[in-house]
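Asker: Output the structure for:
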Amino acid sequence: MKFGKYLEEKQRAEWREYYVDYKCLKDLIKAAARQQEEAGVTEYSPRTTSLTVQRAMDSRDSAEEEFFRKLEAEVEKVGNFTAKIVEGLRERLFQLQAQAKSTLSPEEKDHLLEEAQRIGDSFLDLEKFVNLNYMAAHKILKKHDKNMPSSPCRQFYISHLHNQPWVQGNYSDLLMSLSNVYSELRGDLPAKAEEFEDQYRYSTTKYWVRMSDISAVKHHILQHLPVYQYSDSEYTGDSQLVNSVYLDNSSLEVYHGRLDERPTALTVRISWQGPQEPTEVSIERKSQKQTGKGYEEMQDRMTLPENVVVGYLEGEVGVEVAKEFWQSMGFTSDEVENNVELFTEVQKVIDSKQLKPMVRTQYMRTLFQIPFEPTVRIKLDTNICMIKENPEDGPSCTISGRWYRDPSVPIQRTEITRFPHAVLELNLALESGETTPEWVQELVESGMLTEIDRFSKHIHGTATLFPDAVQALPYWVDDESVRASMLSSAPEQSVEVAPTARDQLTSQQSKPRKGQSNEIDPLTEPLLGRDTSGLERSGIAYRRRYAKRMGLLEWWFSKPPMAIRPKIPGVVQQKIEPKTYFANERTFLSWLHMALTMGSISAAMLGFSATGSSKAQASHDVGLVALILLPVALVICGYALLVYYWRSEAIRNKDGLYYDDRRGPLALTLVVISALSFIFLVNLLDFIEQLTEGPPENASSSPQEWFKSTIIYQVLYRIDTE
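Answerer: Prediction:
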């Protein structure tokens, strides 16, 4: 569907006049393209001008100038309308908050809940309006550059568009106010803090949320849970910035332990909130335990002042310093005792495993929870990015005497990766026999959430930013939606289009890693479908297995389905199901059955031709048919064995390959058709020859007896008797 028609169908009727006039802008582009084609491209442009030179009377603005003037007016129109709607929603929310705080009857509460629902729906409609217009601006600028390549403007104008208030405006305060209204109308009351302290265990499930669905997900949740705020004075929106620095060693032991789900796997991280540099941090020790509803998460944490963290990591700060800090913070003796134990245990782990700051995760977190009520807690993380804590071209944190990255050091492209989705974490603390709340089940089944079992921002960031150090990757990196973000952080590779397959093989350079195939090509192709023959392949494992296949075989294997698929450096599938091997065996046996059937028929026909029959011509023709079909059967056997061996090796080595074969069955079909056509032609010529010559002299005058002497009758009779 053309975008102009799509935009027209998706428009809200009462707001139709406020959408970008896409058709008019498209017509202006066509007119400008015609003008440019008629006038030609003028390369000369004067360097100076005069303020006293009057413009010629017949001079008119070009269509391109009219296009930019119209585009700017449309952008301003969208911005003004958005601001007007937002202001109206704020006014309605202000009145609704005032009414919600008064004493209300059940009927009045229901009426206010309906009004809150309408306000939330209006906000979602406004977000769709903004997204449609934003997409229209992108589309029309792309069309401009396509039709007028001599004067591209898309890159510049997109940057200008990003600075518009209606594009980057933060309207989360609307959802925050709406959350407060719902909380007032529900009568949410916080549980007692002491009842909550011993219940820091949840059944946790994680989901990906598309950026376009974030507001709808928030609206659904806040109708049942309020937005939790740590500090009313510090944060005005519905989310707060969270930084977490994860510790690991040079062999990425923590990463691999979590990825392999080892029972002893531990994660140690240092976290703080807010955009400022930290003054106090939380040291957290995290472990997971598999359960039937996902996995149970166990965390222990303690607070330390920022200025002792470096000494703590180096083992130079003792527990006495921390005890003084906790006592000054008003901790009870039991809390201090628990923190002392955690302090000692974590410090021993850091020292024994030689853990250092490795990866930072940074995101905006929205927490939905009734305070101290752990039954249902939802975390929604947006604007997620992962950063290398130690700069590639600068001193590491250890050398510079820091425990986190120096903010003044620029972040290079390969030192940061931005995750394209939001991550929703659903925490349930249900009693035995208690079922999941209905509204939670509705959210999970709404289609806006995609469950990603055991997803971890730490694992994803480490896998993306340290491709040469990881020995295995998580399963979700094969999802096409995250490829662009991972590719943008990948180190540059010398990717060349080789004119021949031999050149492709000889131009490969890579480093081997133990236990895996080391293709390090960028991910520029989807998981299924698209030809990859024009991309460079690399990896010692690939060269070892395929370097000997030159000529026809090399050409054969250089195309799908047997081509090595471009992949993330060091991709290793986590699990291979037994059914994969069984499917390969079934395919092999199917080809073998066909070959044995054809070979058996050919052998029987050879036996018939060697029985010493008096009809020499018939025996000769039967033998010819058998000699044609028998090699075809052998070819099918050889093909089946080759493909079975190739697929078995690829599955065992966990290579990222196209396992289907589009050329093999087609080639075998052509061989069989050619053989049968040749047999038919030979027998047809023989039959015509016998009809032309007539019955032999020694044959009976009966046509029936003469037909019995032909090759066709002999073959049919032999098949029938057998």
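Asker: which helices and strands does the helix or strand hosting residue 366 pack with?
Answerer: Secondary-structure assignment from DSSP states H and E places residue 366 in strand 356-368. Of the remaining helices and strands, those touching strand 356-368 by 3 or more Cβ pairs under 8 Å, 6 or more residues apart in numbering; DSSP states H and E are helix 214-222, strand 227-228, strand 240-248, strand 376-388, helix 397-400, helix 457-465. To be clear about C-beta, it is placed using only N, CA and C from the backbone, and glycine gets the same treatment.
Asker: Just send those back as CSV, with mean pLDDT and distance to residue 601 too.
Answerer: Compiled in CSV, the helices and strands packed on strand 356-368 are given as follows (pLDDT from 0 to 100; distance: least, Cβ to Cβ, whole Å):
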stretch, mean pLDDT, distance to residue 601
helix 214-222, 91, 64
strand 227-228, 85, 76
strand 240-248, 93, 65
strand 376-388, 93, 63
helix 397-400, 83, 75
helix 457-465, 94, 55
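Asker: Does residue 205 belong to a helix, a strand or coil?
Answerer: With DSSP: H, G, I helix; E, B strand; the rest coil as the basis, residue 205 sits in strand.
Asker: can you offset everything so residue one is 432?
Answerer: Happy to do that; since the first residue is 432 now, the last one works out to residue 636.
Asker: follow-up on the earlier one: deepest of the helices and strands packed on strand 787-799, which one?
Answerer: Among those, helix 888-896 has the highest mean neighbour count (mean count of other Cβ atoms under 10 Å), at a mean of 25.
Asker: Out of the helices and strands packed on strand 787-799, the one nearest residue 759 is which?
Answerer: With Cβ to Cβ, the closest approach to residue 759 among these belongs to strand 671-679: 24.5 Å.
Asker: closest one to residue 798 among the helices and strands packed on strand 787-799?
Answerer: strand 658-659 (4.2 Å).
Asker: next one: that closest one to chain centre, how far?
Answerer: Using Cα atoms, centre = their mean, to the nearest Å, we find the averaged C-alpha position of strand 658-659 to lie 29 Å away from the chain's own average C-alpha position.
Asker: again, but for stretch 802-815
Answerer: Using Cα atoms, centre = their mean, we find the averaged C-alpha position of stretch 802-815 to lie 24 Å away from the chain's own average C-alpha position.
Asker: ok, now stretch 748-755?
Answerer: Here stretch 748-755 is found 45 Å from its chain centre; the criterion is Cα atoms, centre = their mean.
Asker: Residues contacting that stretch, please?
Answerer: Contacts of stretch 748-755 with the rest of the structure, by Cβ atoms under 8 Å, 6 or more residues apart in numbering, involve 733, 735, 739, 742-743, 767, 770-771, 774-775.
Asker: Apply 10 Å and report the result again.
Answerer: Stretch 748-755 has contacts (Cβ atoms under 10 Å, 6 or more residues apart in numbering) with 714, 733-736, 738-743, 757, 762, 767-768, 770-775, 778.
Asker: Buried ones among those residues?
Answerer: 714, 733, 735-736, 739-741, 743, 757, 762, 767, 770-771, 773-774, 778 (16 or more other Cβ atoms under 10 Å).
Asker: sorry, back to before: I'd like to know which of the contacts of stretch 748-755 are part of strands.
Answerer: When strands are assigned by DSSP state E, the members of the contacts of stretch 748-755 inside them are 714, 733-736.
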